[in-house]
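1. structure, please.
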Amino acid sequence: MDPRFIKLSNLLIEYSLGNYDAKIKLSKQKDAIDAFISSVNMLGEELKSTAISRNHFNNIFDSVSDTVFVLNKKGIIELANKSISANLGLPEEPVYNKKIDDFFTCLNKTSLFNKLKKQLHASASLQNNDSILGLIRSKPNCIVSCNMSFLTNSKKQRTGYILTVRDVTQIKNFEEELIASEEKYRNIFQNSSDSIFISDETDHLSDLNDAGIQLLKVRSHEIFNHKISDFIYNPLDKKIFLEKLKAKNNIVDFKTKLIDTEGNIVDCIISSNKINDNRKHFKGYQGYIKNITKQEEVDNLIVRTINDTQEKERIRFSKDIHDSLGQQLSAVKFYIGTLRNTYNLPDEKKNEIVEKSNDAILDVLSDLRNICFNLMPQTLQNVGLKAAVNELCRKIVIADELEFKIVINEDQFSISKNLEFTIFRVIQEFINNSITHGKSSKINIKITADKKELAINLKDNGMGFDIAKVRKEGMGLLNVRSRVKSYNGSITINSAPNKGTHYLIIIPLTN
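-> As a prediction, the model looks like this:
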């Protein structure tokens, strides 16, 4: 037998093992066997080319980040790339020769393959670009996006389908969070009691919430015709506002007066800052307008109340000096003047005049101490709140025979002298009202505290009043409210006719 046949047999074995580089050299005979050997060598090169193409396809097929399935016409899985386990957590081998619907379903639990096939056959092309959302049966919280196209052979005959699956769980969750965030922002935007606006680079309004529409008296369809700066009443304020905004791209708590489209003027605070897109490109401004007209009225009322109270205190102080010290000092002057002409008077008469002068001076000193106590009790300054309140009540009991019950646990709290003085004045005002207006015979004063707040309970058994019928509070009560408010405190007043009055004052001890 020609040994070349043995070499041919061994070469075919090499090809079957995938060694396509093996070759047989041609003999010098150049006969039919050499021609056959040449054909087999060419077969090796073709097999090598085919293997390289197949490996290249497999590398591409397995390197695709999306999961790709090759399905037959019945939806049976014939091939799947390696991302099936990396991206979807499904095993590679067990999915072959099984229905795609065994692993995936539509969101409404119907057949995913039938829906994709129906959608694909309804299109005019070999592929459908519209994705359908589905679920992985073994991972019901995992949402996937599916696209399917026809698989064709060299004769363009449809032999099956190519299905591409992508995990979009995070994308869908992000979209839902984004939608929820946008809805939350829109709710805050629309329901805010302050006026919120958005304007472009030229200060023209692009959006304005309901509070802003009501404040500026702008019609919804005319928002875009206005600039924020157009509503600034003072031309100088308008100039400063625009200059600051242009220089710094933001402005904070710019206090000014605004005039609405109907000519009403209100006190406002404007804050605005620039808006950038994701590429840091300047897009416009966003900001808010706060109407402080009522706040200004309250602040002015507090200032007037304080000034009026101070003026009343000066008048009372002047009256106390005139009515009490003035008359008693005049008496002392009279007695001393009398002593000048007592040369011929007996000693008993002289001693009587001296004693009367001394008594008058003692009365002056006593009244002077009372006036000083009302201005600033030395006991409060030197000893503390409890001692000062007790001293105040003792003086009043002597004069009006009132009954006081005082509970002040000073060991529970430590407060500043300024706060002690404020509390003392509040108690003094309550006692004064109880005596003057309430005709009370019993007054309870209780001050307790914990780590967070100080509680001041003031009660009397006086005439009381109907809170609902009191339209305007007196100057004293307004002064009490302003004192409590200055320490971020709150005051609750309960009263009824013939049932006394109760003040509950809470002052925070933090901050």
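2. for the stretch 51-200 of the chain, what spans make up the helices?
-> Taking DSSP state H, counting those that start in this stretch as the criterion, the stretch 51-200 of the chain carries its helices at 83-86, 112-122, 169-191.
3. hang on, I meant the chain
-> In chain order, the chain shows helices spanning 3-16, 32-63, 83-86, 112-122, 169-191, 210-216, 235-248, 293-320, 327-339, 347-375, 378-382, 385-400, 417-436, 475-485, with DSSP state H as the criterion.
4. dump the helices of the stretch 51-200 of the chain into CSV; add mean neighbour count and mean pLDDT as well.
-> Placement of C-beta: from N, CA and C, glycine included. Shown next, in CSV, are those (neighbours: other Cβ atoms under 10 Å; pLDDT from 0 to 100):
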stretch, mean neighbour count, mean pLDDT
helix 83-86, 16, 73
helix 112-122, 16, 90
helix 169-191, 11, 81
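5. would a markdown table of these with distance to Ile259 be doable?
-> Conversion of these to a markdown table gives the following (distance: least, Cβ to Cβ, whole Å):
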| stretch | distance to Ile259 |
| --- | --- |
| helix 83-86 | 65 |
| helix 112-122 | 60 |
| helix 169-191 | 24 |
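6. nearest to Gly489, out of those?
-> If you check each of those against Gly489 by Cβ to Cβ, helix 169-191 wins as the nearest, at 29.6 Å.
7. what packs against that closest one?
-> Of the remaining helices and strands, those touching helix 169-191 by 3 or more Cβ pairs under 8 Å, 6 or more residues apart in numbering; DSSP states H and E are strand 139-152.
8. hmm, who's touching the strand it packs on?
-> Here strand 139-152 makes contact (Cβ atoms under 8 Å, 6 or more residues apart in numbering) with 70-71, 88-89, 104, 107, 112, 116-117, 119-120, 126-136, 158-169, 172.
9. give me the buried entries from those residues.
-> 70-71, 88, 104, 112, 116-117, 120, 128, 132, 134-136, 160-168 (16 or more other Cβ atoms under 10 Å).
10. roughly how far apart are the residue nearest to the spatial centre of the chain and Lys274?
-> The chain has Ile188 as the residue nearest its centroid, 10.1 Å off, counting by Cα atoms, centre = their mean. Relative to Lys274, Ile188 is positioned 20 Å away (Cβ to Cβ, to the nearest Å).
11. for Asn444, same thing?
-> For Asn444, the distance to Lys274 (Cβ to Cβ) stands at 59 Å.
12. what do you get for Ile100?
-> For Ile100, the distance to Lys274 (Cβ to Cβ) stands at 52 Å.
13. and those two? which has more neighbours close in?
-> Using other Cβ atoms under 10 Å as the criterion, Ile100 and Lys274 rank with Ile100 on top: 25 against 15.
14. show the contacting residues for the more buried one.
-> The contact partners of Ile100, by Cβ under 8 Å, 6+ apart, come to 69, 71, 75-77, 112-113, 163.
15. returning to what we had before: of the contacts of strand 139-152, which belong to strands?
-> Mapping the contacts of strand 139-152 onto strands (DSSP state E) picks out 70-71, 104, 132-136, 158-167.
16. dihedrals phi and psi, the nearest residue to Pro497 once chain neighbours are set aside?
-> Using Cβ to Cβ, 6 or more residues apart in numbering and skipping the chain neighbours, the partner closest in space to Pro497 is Gly464 (5.4 Å). Main-chain dihedrals, Gly464, degrees, to the nearest 10: phi 70, psi -170.
17. burial of Gly464, as a residue count?
-> Applying other Cβ under 10 Å, we find 19 residues neighbouring Gly464.
18. Phe421 too?
-> Counted by other Cβ under 10 Å, the residues lying close to Phe421 total 17.
19. report pLDDT for it.
-> You'll see Phe421 listed with a pLDDT of 84.
20. ok, it touching Leu380?
-> Yes - counting by Cβ atoms under 8 Å, Phe421 does reach Leu380; the two are 6.6 Å apart.
21. low-confidence stretches in the stretch 351-500 of the chain?
-> Judged by pLDDT under 70, the stretch 351-500 of the chain has its weakly predicted residues at 353, 357, 360, 363-379, 398-401, 470-476.
22. over to the stretch 151-300 of the chain?
-> The stretch 151-300 of the chain contains residues with pLDDT under 70 at 277-282, 296, 299-300.
23. if I pick the closest residue to Ala211 other than its chain neighbours, what's in contact with it?
-> Nearest residue to Ala211 in three dimensions, chain neighbours excluded: Ser195, at 4.7 Å (Cβ to Cβ, 6+ apart). Contact analysis of Ser195 by Cβ under 8 Å, 6+ apart lists 208-209, 211-212, 215-216, 288-291.
24. same question for Asp200.
-> Under the criterion of Cβ under 8 Å, 6+ apart, the neighbours of Asp200 are 206, 283-285.
25. just Phe430 next, same as before
-> Neighbour list for Phe430: 443, 458, 460, 480, 503 [criterion: Cβ under 8 Å, 6+ apart].
26. show me which pair in the residues you listed is furthest apart.
-> Of all the pairs that those form, the one spanning the most space (Cβ to Cβ) is Ile443 and Val480, at 15.5 Å.
27. how close does Asp466 get to Ile431?
-> For Asp466 relative to Ile431 (Cβ to Cβ), the value is 22 Å.
28. nope, Leu385 is what I meant
-> As judged by Cβ to Cβ, Leu385 and Ile431 stand 14 Å apart.
29. for Glu355, same thing?
-> Using Cβ to Cβ, which is the criterion applied here, Glu355 is 36 Å from Ile431.
30. mind putting the contacts of Phe430 into CSV with neighbour count and distance to Lys227?
-> Shown next, in CSV, are the contacts of Phe430 (neighbours: other Cβ atoms under 10 Å; distance: Cβ to Cβ, whole Å):
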residue, neighbour count, distance to Lys227
Ile443, 25, 61
Leu458, 23, 54
Asp460, 25, 59
Val480, 23, 46
Tyr503, 22, 50
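31. looking at these, which is nearest Leu242?
-> Val480 (44.7 Å).
32. was I right about the closest one contacting Ile493?
-> No - here Val480 lies out of contact with Ile493, judged by Cβ under 8 Å, at a distance of 9.4 Å.
33. tell me, what's touching the two both at once?
-> With contacts defined as Cβ under 8 Å, 6+ apart, the residues adjacent to both Val480 and Ile493 are Tyr503.
34. contacting residues around Thr105?
-> Thr105 makes contact with 111-112, 134-135, 137 under the criterion Cβ under 8 Å, 6+ apart.
35. and of these, the nearest to Phe404?
-> Top of the list for closeness to Phe404, among those and by Cβ to Cβ, is Leu135 at 76.9 Å.
36. who's in contact with the closest one?
-> 104-107, 142-144.
37. and it, what's its pLDDT?
-> On the pLDDT scale, Leu135 is placed at 90.
38. who's it bridged to?
-> For Leu135, the beta-bridge partners under DSSP bridges are Thr105, Ile143.
39. how far away is it from Met148?
-> Applying Cβ to Cβ to Leu135 and Met148 gives a distance of 16 Å.
40. repeat that for Ile77.
-> Relative to Met148, and taking Cβ to Cβ, Ile77 is found at 13 Å.
41. of these two, who's got more company?
-> Ranked by neighbour count (other Cβ under 10 Å), Ile77 and Met148 place Met148 first, with 25 against 20.
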